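> Got a predicted model here, sequence first, then my questions.
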Amino acid sequence: MTDLHFRSASTLAGELRQGRIGARELLEHFLARVDRFNPTLNAIIQQDREGARARADAADAARKRGQAMGPLHGVPMTIKESYKLRGMPTTWGIPELRNNIADQDALAVQRLTAAGANIFGKTNIPIRLADFQSYNEIYGTTNNPWDSGRTPGGSSGGSAAALAAGLTGLEIGSDIGGSIRNPAHFCGVFGHKPTWNLVPMLGHALGGILTPTDISVIGPLARSAFDLELAMSLMAVPDEMDAAGLTVRLRPLDQPISDLRIAVWKTESICPSSSAVAARVDAVAKALASMGAAIDESARPDFSAEHSHEVFSALLSSAMSARLPDDDYARMVARADQLDAADRSAGAQQIRWQTMRARERGQLNEARTRIRWAWHRFFEQHDFLIAPIMPTTAFAHNQAPLGERSIEIDGTKHPYFSQTFWAGLAGVAYLPGTVIPGGAGPDGLPIGVQIIGPAYGDLRTIQLAQRLEQHGFAFVPPPACA
């Protein structure tokens, strides 16, 4: 039997419903794990133990009365620091926001607590959620539970590390450039990036902003793909304004694997996959082939990798610059105005993207819409695309200035942010992407494999992940946290 702290949230909920364990007992079990492992990991950076204990006691009392509180009745969980949680700071790692105390819960938090989840803490992030690592001046550095000298990923790095170490039952993160999928890969857990705007983001923004950020989504991380489906069933419900005319009815994966047509994209010159990562993508493809799926390693959507990456990078830069304070943005505009028109360097291009005019952004949005249609035509011929999410296993902590960083792939250095290519394939086109544990590399570190599906194919990518989980592509606990 799997240790209690490494069981799925769905399994834990069943144990609680059947009275095999109490909510208070389960909470104390996780808190003891936090006391034992979190000092080294620094994954959970805020806690509400007394509030959580009171909620656990209430959940136990409700069960004794025969009163069901929902599908997560009594399950302890944590959430990414970037969500509002009443009474706790929401800082996004920005030192000036240390005392930004939330006066209400984010909508996703409300829905999870209404389903019975007992949220006892928040997990670490990078400043402004803008890195493949998770460190900031307020909370410090989060370490990978597989190797404390390596990053757990970002920006939902604390989320994935806490799950992998068995410190929490379930997690929710956010993703604009791979921030759910990258940490899931680095830490060996499951993660799902939903179709854009499928899950309402109210309460996941600074300054009371209500408009969803382009590309950005919120979604679950878990130790099982079955938990991803459960969390999405609670989160993917229109908000009160859209609910007047919209409902969500996602198509399930209701055919056998042998009926599926699956494309495989293992590597690309913009961001080559390491041999270890490519091998695990290949392993997933071979497993699907052994179950009868038709595998096509040459099929690609009708656009170039370079075009997709440039459109994604430009729109990502624009979206993230919108989060900057006015003074920072004004300085960026001044720098852009001083650029030589002949300067086509990467740095100059970045500044232009961050300060582009509405007309330029409209042109990029048109290019993105054409990419979306190319994907739509692609998915008329193929059910899924299997691909990497990052080119390497978790890399060593690197807190040098961003402009001085690079990523080494099989001995060759590449630009640090070239790593966004694999996340951007789904991100720029608003597509769902589910990451599964694909097995370990030669260095013993976990490698995630990404399943991309058509728009609103979220349930299908998650349910394919479930079938692969049952086939052996499942969560494996880090040895140091056993």
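Yep, that arrived. Numbers count the residues shown, from 1 in each chain.
> tell me the pLDDT at residue 67?
In this prediction, residue 67 carries a pLDDT score of 93.
> what does residue 1 give?
Reading off the model, residue 1 has pLDDT 55.
> Phi, psi for residue 404 please.
phi -100, psi 0 (degrees, to the nearest 10).
> no wait, residue 386
The phi/psi pair for residue 386 (degrees, to the nearest 10) is phi -100, psi 130.
> For it, grab the count of nearby residues.
Using other Cβ atoms under 10 Å, residue 386 is surrounded by 25 other residues. Backbone N, C-alpha and C define where each C-beta goes, glycine included.
> Wait, it touches residue 450, no?
Yes. Look at residue 386 against residue 450 with Cβ atoms under 8 Å: they come within range, at 7.3 Å.
> Please enumerate the helices of this protein.
9-17, 23-41, 49-64, 107-114, 157-164, 181-187, 225-235, 275-290, 305-321, 326-337, 346-354, 358-381, 420-427, 458-470 (DSSP state H).
> Next, format these as TSV and append distance to residue 76, mean neighbour count and mean pLDDT.
As requested, these are exported to TSV (distance: least, Cβ to Cβ, whole Å; neighbours: other Cβ atoms under 10 Å; pLDDT from 0 to 100):
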stretch	distance to residue 76	mean neighbour count	mean pLDDT
helix 9-17	8	20	97
helix 23-41	5	19	98
helix 49-64	7	17	97
helix 107-114	12	20	98
helix 157-164	11	35	98
helix 181-187	19	34	99
helix 225-235	13	24	98
helix 275-290	31	18	98
helix 305-321	32	20	97
helix 326-337	38	12	94
helix 346-354	40	17	94
helix 358-381	38	15	98
helix 420-427	29	27	98
helix 458-470	22	23	99
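> Could you pull up the residues touching the closest residue to residue 129 other than its chain neighbours?
Using Cβ to Cβ, 6 or more residues apart in numbering and skipping the chain neighbours, the partner closest in space to residue 129 is residue 155 (3.9 Å). Contacts for residue 155 (Cβ atoms under 8 Å, 6 or more residues apart in numbering) come out as 80, 82, 125, 126, 129, 130, 131, 134, 173, 174, 179, 183.
> Would you format those residues as JSON lines with distance to residue 218 included?
Shown next, in JSON lines, are those (distance: Cβ to Cβ, whole Å):
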{"residue": "80", "distance to residue 218": "8"}
{"residue": "82", "distance to residue 218": "9"}
{"residue": "125", "distance to residue 218": "13"}
{"residue": "126", "distance to residue 218": "17"}
{"residue": "129", "distance to residue 218": "11"}
{"residue": "130", "distance to residue 218": "16"}
{"residue": "131", "distance to residue 218": "18"}
{"residue": "134", "distance to residue 218": "17"}
{"residue": "173", "distance to residue 218": "7"}
{"residue": "174", "distance to residue 218": "5"}
{"residue": "179", "distance to residue 218": "10"}
{"residue": "183", "distance to residue 218": "14"}
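> Out of the residues you listed, which comes closest to residue 398?
residue 131 (9.7 Å; Cβ to Cβ).
> quick one, what contacts the closest one?
154, 155, 402.
> The first one and residue 19, how far apart?
When distance is defined by Cβ to Cβ, to the nearest Å, residue 154 is 39 Å away from residue 19.
> quick one: which of those two has more around it?
The neighbour count for residue 154 versus residue 19, taken as other Cβ under 10 Å, is higher for residue 154 (28 against 10).
> Give me the distance between the closest residue in space to residue 432 that isn't next to it in sequence and residue 130.
Among residues not flanking residue 432 along the chain, residue 458 sits closest, at 4.3 Å (Cβ to Cβ, 6+ apart). Going from residue 458 to residue 130 by Cβ to Cβ gives 25 Å.
> go on, residue 158?
Counting by Cβ to Cβ, the gap from residue 158 to residue 130 is 15 Å.
> ok, now residue 225?
28 Å.
> can you check residue 59 too?
37 Å.
> Over to residue 254?
Distance from residue 254 to residue 130, by Cβ to Cβ: 39 Å.
> Those two - which one has more neighbours?
residue 130 (18 against 9).
> these two touch, right, the more buried one and residue 317?
No. Counting by Cβ under 8 Å, residue 130 sits too far from residue 317 to count as a contact (10.6 Å).
> give the contact list for the residue nearest to residue 75 when sequence neighbours are not counted.
Sequence neighbours aside, residue 169 is the residue nearest to residue 75 in space, at 4.7 Å (criterion: Cβ to Cβ, 6+ apart). Each residue near residue 169 by Cβ under 8 Å, 6+ apart is listed here: 9, 12, 26, 30, 75, 76, 77.
> mind giving me TSV with those and columns for distance to residue 49?
Shown next, in TSV, are the contacts of residue 169 (distance: Cβ to Cβ, whole Å):
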residue	distance to residue 49
9	20
12	19
26	14
30	11
75	16
76	11
77	14
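> Among these, which one lies nearest to residue 298?
Among those, and counting by Cβ to Cβ, the member closest to residue 298 is residue 9, at 38.8 Å.
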